[in-house]
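*Asks:* Give me a 3D structure for the following:
(2 chains)
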Number of protein chains: 2
Amino acid sequence: MISAKMIKMTEGGSAIRAMFEEGARLAAQYGRENVYDFSLGNPNIPAPEKVRESILRVARETDPMELHGYMSNSGYPEVRAKVAASLNRRFGTGFDENNIIMTVGAAGGLNVLLKTLLNPGDEVLVFAPYFLEYGNYVSNFDGVLKAIPANIAGNFQPDAEALRAAVTPRTKALILNNPNNPTGVIYTGESIKAIASVLEEKQAEYGTSIYLISDEPYRELAYDGKEAPWLTGYYRNTLVGYSWSKSLSLPGERIGYVVIPSECDDAQLIFDAAVIANRILGFVNAPSLQQRVVAECLDEQTDVAAYDRNRRTLYEGLTGAGFECVYPDGAFYMWVKTPGDDREFSERAKRHNILVVPGTSFACPGYVRVAYCVSHDMIVRSLPAFRALAAEYGLSK
Amino acid sequence: MISAKMIKMTEGGSAIRAMFEEGARLAAQYGRENVYDFSLGNPNIPAPEKVRESILRVARETDPMELHGYMSNSGYPEVRAKVAASLNRRFGTGFDENNIIMTVGAAGGLNVLLKTLLNPGDEVLVFAPYFLEYGNYVSNFDGVLKAIPANIAGNFQPDAEALRAAVTPRTKALILNNPNNPTGVIYTGESIKAIASVLEEKQAEYGTSIYLISDEPYRELAYDGKEAPWLTGYYRNTLVGYSWSKSLSLPGERIGYVVIPSECDDAQLIFDAAVIANRILGFVNAPSLQQRVVAECLDEQTDVAAYDRNRRTLYEGLTGAGFECVYPDGAFYMWVKTPGDDREFSERAKRHNILVVPGTSFACPGYVRVAYCVSHDMIVRSLPAFRALAAEYGLSK
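*Replies:* Presented below is the predicted three-dimensional model:
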């Protein structure tokens, strides 16, 4: 009786629930300290102390009407101006508050952008492996998600030639996630240039506008001095979605923004439509108190060094055990090649009390994602289990 | 190039923007104190002090990982349990946390429910006058909104016979807003019984499930000891959407919940699908800090007496000036019959520095909505302007 689409999803959704339940079952049976849950992208570093101080200060000092009242559906102008100024300082851009819309996290922002852009049947491209939720977001607006096969030979950099083959006159957008979930790869400036060049070429060929939607919740999680390129400098029709979920460890608060640069095709129309989309999709506006909090914390950083330490320990441990891993430059995920089927591998991992997500869940079989936003201690304790698993597959060195 | 639906909306949306701009223009020209803006449903009573205390306490005492981390997409189980217990105390129901999903306000909740229920072409009924945004929410999921004409003769109570004529085999839901925006009317127990009886009859006739979606942001704003009936006691297939926007003056925080009673047809399926809808629509979950805050403030109330005082002063003032008004039992809106076209009336009102919303914006021409969630002082100061307006129409007594 209810939505046919949603009935199908309740069936599909049970895989994730099954993973949760399995984790709880294992913890009950073996003790929580003996279960190694690498399945979730939930930051384990607490929010910076400045976040707490800002909450206390704004709650104490701000008039409740101003703190909790309605504002423009795009967010507080002064908060948007501060976000714009911060981007300008970091990336040499020239944004102001009229380029920024505060959103209910990046998930909210992406839905707002897709609602704004898509006509039914419009195509949205992604490079595999990708966060499968993009498919749901695109489907919300009757768009068609088309995945470009993983560039395994090119170490998971996006492949511009494969992009060229995938673009059609119906292509409305390409979603790029950099640093990447699930691979931990940072797409290089060179890769981005090649992509931009293909998009420019195809726009000219078809007489269309193709928007590059940059989903950047992991921007600040980058290691060894690397940094994800800021895309509006590479391609005119770039839109950015951002969230403080990872960078300030605020995933539950649902706070982020989108950037709509003035040089985009139809920039003003997109901005106006996106503000309306924010309202009619039911977000209305980004949570008001958190808008003021993040505006005070724009220069705060999470403890990237801790994630880096996890990264090194896990990489050494897993490669030492014989696994082949992509060396991650960003985010907090290790992308591990599985000897054999990835779903079977993750099932066998469970028997060692290890929980990881099969690559199939990112449209890229043959790998698993190991999320290292966990305690360093758990990583160390898990290594014997990983070694035992490697031995089962005859990988041990 | 962008979404054709959204382009159309940016054109329509300019009416509201024009109202804002007109208000700003009038304020600049005549001084803010000489402009009487009754156009917005933004509470003017600050949030109870307990809200601030709760924010300070949870920010000080809660581990940041717990306070700002991910939880189930349905919300914190302990918060949902407290909401359920509070409803049980007030309405004698038997809910638990498995009947409650925390949402990004009522707008988020309604979108979640409609995403869950609607197949393309499904019909959703509303009684005019109604909050026009419902049409956008239904359209988000390719449903068809059908408005049942206003029951002017019946003092804007919902008309069960008109409902009977409107239900078809494609009717999936009826949205009811009680107390009502824009009329301020509270639908009586008798009206609700008649509606429930028609829905039961039509369900049986067509072999369908018709869900009654009760949108209740104004529940606690009721006067003279009146109260909106709690609908799950009247009709089995009731779903409730709630928000603390008005009751705790937190409209900017986007915090509310939906109730999915266990006795509904397909209750478990609806619950599971709604949790997924919450995620894939991009809400992910209701803002985490505010979930904990409202859970501590379930027994708090806004200053209803202040709204009541506004209501009486405005009603006396407007009827004394010769206007015909619906005597409002709830919400904070006065529904005023216009002598002549409502859009022309609201234009003429502007010349007296009065801003009101034409009934046409609620699918009910011939009336205007006067929002009295404003300072009592402004109401008193506005009355000479209303009298001058009445005189223009030859209404003055």
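*Asks:* show me the contacts for A:Gly233.
*Replies:* A:91-93 (C-beta atoms under 8 Å, 6 or more residues apart in numbering or on different chains). C-betas here are computed from N, CA, C, even on glycine.
*Asks:* Next, check those against the helices and list the overlap.
*Replies:* Using DSSP state H, the subset of the contacts of A:Gly233 located in helices is A:Phe91.
*Asks:* If you rank the contacts of A:Gly233 by neighbours, which is first?
*Replies:* Counting neighbours by other C-beta atoms under 10 Å in any protein chain shown, A:Thr93 comes out on top of the contacts of A:Gly233 with 16 neighbours.
*Asks:* And the pLDDT at the nearest residue to that residue once chain neighbours are set aside?
*Replies:* Leaving aside its chain neighbours, A:Thr93 sits nearest to A:Leu87 (5.5 Å; criterion: C-beta to C-beta, 6 or more residues apart in numbering or on different chains). At A:Leu87, the model reports a pLDDT of 98.
*Asks:* Just give the number of residues close to A:Leu87.
*Replies:* Residues lying near A:Leu87 (other C-beta under 10 Å) number 22.
*Asks:* likewise A:Ala204?
*Replies:* By the criterion of other C-beta under 10 Å, A:Ala204 has 9 neighbours.
*Asks:* isn't A:Ala150 right next to A:Cys364, touching?
*Replies:* Yes. Applying C-beta atoms under 8 Å, one finds A:Ala150 in contact with A:Cys364, separated by 4.7 Å.
*Asks:* which residues are common contacts for these two?
*Replies:* Common contact partners of A:Ala150 and A:Cys364 (C-beta under 8 Å, 6+ apart): A:128-129.
*Asks:* Now for A:Thr116: which residues touch it?
*Replies:* Counted by C-beta under 8 Å, 6+ apart, A:Thr116 has contacts A:270, A:273-274, A:277, B:2-3, B:6.
*Asks:* Among the residues you listed, which one lies nearest to A:Gly256?
*Replies:* A:Ala274 (13.1 Å; C-beta to C-beta).
*Asks:* which one is the closest one nearest to, not counting chain neighbours?
*Replies:* Computed as C-beta to C-beta, 6+ apart, the closest residue to A:Ala274 that is not its neighbour in sequence is A:Thr116, at 4.7 Å.
*Asks:* how near is the residue nearest to A:Val144 when sequence neighbours are not counted to A:Ile260?
*Replies:* Leaving aside its sequence neighbours, A:Val144 sits nearest to A:Glu123 (C-beta to C-beta, 6+ apart; 5.0 Å). Distance of A:Glu123 to A:Ile260, computed by C-beta to C-beta, to the nearest Å: 21 Å.
*Asks:* which of the two has more neighbours?
*Replies:* More crowded of A:Glu123 and A:Ile260, by other C-beta under 10 Å: A:Ile260, with 27 against 20.
*Asks:* now the helices for the stretch 101-250 of chain A?
*Replies:* Under the criterion DSSP state H, counting those that start in this stretch, helices of the stretch 101-250 of chain A are mapped to A:105-117, A:133-140, A:160-166, A:189-206.
*Asks:* Buried deepest among these, which one?
*Replies:* Most buried of these, by mean neighbour count (mean count of other C-beta atoms under 10 Å in any protein chain shown): helix A:105-117, with a mean of 28.
*Asks:* if I've got this straight, the residue nearest to A:Thr93 is in a strand?
*Replies:* No. Under DSSP: H, G, I helix; E, B strand; the rest coil, A:Leu87 falls outside any strand and is assigned helix.
*Asks:* Please report the distance of it from A:Trp230.
*Replies:* For A:Leu87, the distance to A:Trp230 (C-beta to C-beta) stands at 8 Å.
*Asks:* what's the overlap in contacts for the two?
*Replies:* Common neighbours of A:Leu87 and A:Trp230, counting by C-beta under 8 Å, 6+ apart, are A:Thr93.
*Asks:* Is A:Gly55 in a helix, a strand, or coil?
*Replies:* Quick fix: residue A:55 reads Ile, not Gly. Once three-state DSSP is applied, A:Ile55 turns out helix.
*Asks:* Can I get the helix or strand containing A:Phe20 in CSV, CA atoms only?
*Replies:* Element membership for A:Phe20 (DSSP states H and E) is helix A:14-30. Written as CSV, here are the backbone C-alpha positions of helix A:14-30 (Å, rounded to 0.1, in the frame of the first residue of the first chain):
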residue,chain,number,x,y,z
SER,A,14,18.3,-4.6,6.2
ALA,A,15,21.9,-5.3,5.2
ILE,A,16,23.1,-2.3,7.2
ARG,A,17,20.8,-3.2,10.1
ALA,A,18,22.1,-6.8,9.9
MET,A,19,25.7,-5.4,10.3
PHE,A,20,24.6,-3.4,13.4
GLU,A,21,22.9,-6.4,14.9
GLU,A,22,25.9,-8.6,14.1
GLY,A,23,28.1,-6.2,15.9
ALA,A,24,25.8,-6.1,18.9
ARG,A,25,25.6,-9.9,18.9
LEU,A,26,29.4,-10.3,18.7
ALA,A,27,29.9,-7.8,21.5
ALA,A,28,27.4,-9.6,23.7
GLN,A,29,29.1,-13.0,23.0
TYR,A,30,32.8,-12.1,23.1
